[in-house]
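1. Below: sequence and its predicted model.
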Amino acid sequence: MAKLYFYYASMNAGKSTTLLQADFNYRERGLTTLLFTAALDDRAGAGTIGSRIGLSAPAAMFDAATDLQAAVAAEPQPVGCVLVDEAQFLSAEQVDQLARVADELNVPVLAYGLRTDFQGVLFPGSARLLAIADALVEIKSVCVCGRKATMNLRVDSQGRAVTQGAQTEIGGNDRYLALCRKHFCEAMRG
């Protein structure tokens with residue numbers, strides 16, 4: 001029986017690198033993989049999963065209208081694994097579609113994403129994955145103090161904490177810092 005996995009972490013923890021390694025492992029064994037990434041995140045280029053250490057791979061893009069179960073079912077050859085980057089941007093319904101990929105199509109699904117946004121609030125896709133995934137795997141990152149980083153602090157161009165704004169704003173190290181809860185809370189209080 002295939003499973004739905006959710007690999008979650010703060011920013012800069014190596015989620016995309018881990019996804020690309022898993023993709024390599026499946027393909028090396030002769031299995032077909034299907035990669036998805038959020039259409040709104042084009043930092044590595046549209047339709048590309050890119051890691052900070054320079055690895056990348058092409059991927060199908062998903063947006064709010066994408067039916068992921070239908071996309072997997074429509075593949076011309078059997079799919080050995082579905083890998084989803086930026087899974088926090090999935091809708092709850094898309095997470096349910098991925099669960100059906102595992103349950104009904106018997107294809108393992110590995111979803112990688114952030115747990116919370118810059119205010120410490122769960123993303124809808126992450127909330128649903130935390131609720132129904134068969135396996136939850138935390139990928140560890142490190143705060144500036146050396147403790148485990150679990151929070152994502154959005155910063156402005158001067159490095160000051162941003163406390164208000166849209167939940168989704170694409171950016172990298174120039175816009176976000178991975179911090180432990182203590183340092184996140186201190187930064188948010190100003």
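-> The structure has been received and is ready for your questions.
2. Any chance you could spot the residue sitting in the middle of this structure?
-> Nearest to the mean C-alpha position of the chain, counting by Cα atoms, centre = their mean, stands G113 at 2.0 Å.
3. Pull the contacting residues for the closest residue to L35 other than its chain neighbours.
-> Among residues not flanking L35 along the chain, A59 sits closest, at 3.8 Å (Cβ to Cβ, 6 or more residues apart in numbering). For glycine as for every other residue, the C-beta is placed from the backbone atoms N, C-alpha and C. Residues in contact with A59 (Cβ atoms under 8 Å, 6 or more residues apart in numbering) are 35-37, 47-49, 85.
4. Quick one: end-to-end length of stretch 148-160, please.
-> End-to-end span of stretch 148-160 (Cα to Cα, to the nearest Å): 21 Å.
5. worst-scoring helix or strand of this structure, pLDDT-wise?
-> When the helices and strands of the chain are compared on mean pLDDT, DSSP states H and E, strand 48-50 comes out lowest with a mean of 84.
6. hmm, back to that, my read: the residue nearest to the centre of the chain touches G125, true?
-> Yes. With contact defined as Cβ atoms under 8 Å, G113 reaches G125; the gap is 6.6 Å.
7. shared neighbours of those two, anything?
-> Here G113 and G125 have 87-90 as joint contacts, going by Cβ under 8 Å, 6+ apart.
8. Tabulate the residues you listed (a markdown table), appending distance to A74 and pLDDT.
-> Listed next are these as a markdown table, based on distance: Cβ to Cβ, whole Å; pLDDT from 0 to 100:
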| residue | distance to A74 | pLDDT |
| --- | --- | --- |
| A87 | 21 | 97 |
| Q88 | 25 | 96 |
| F89 | 21 | 95 |
| L90 | 18 | 98 |
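9. Off-centre distance for the helix or strand that E93 is a member of?
-> In the assignment (DSSP states H and E), E93 maps to helix 92-104. Centre-to-centre, helix 92-104 and its host chain are 16 Å apart (Cα atoms, centre = their mean, to the nearest Å).
10. Now the element after it, going C-ward?
-> Once the chain leaves helix 92-104, the next helix or strand it forms, by DSSP H and E, is strand 109-114.
11. What helices and strands are in contact with that following strand?
-> strand 4-9, helix 15-28, strand 81-84, helix 92-104, helix 124-132 (3 or more Cβ pairs under 8 Å, 6 or more residues apart in numbering; DSSP states H and E).
12. Just give the nearest non-adjacent residue to N106, would you?
-> A2 (4.8 Å).
13. So that neighbour is in contact with L110, correct?
-> No. At 10.5 Å, A2 does not count as touching L110 under the criterion of Cβ under 8 Å.
14. Can you name every helix or strand that the helix or strand just after the least confident helix or strand of the chain contacts?
-> Next helix or strand after strand 48-50 toward the C-terminus (DSSP H and E): strand 56-58. On a contact count with 3+ Cβ pairs under 8 Å, 6+ apart, strand 56-58 meets helix 15-28, strand 48-50.
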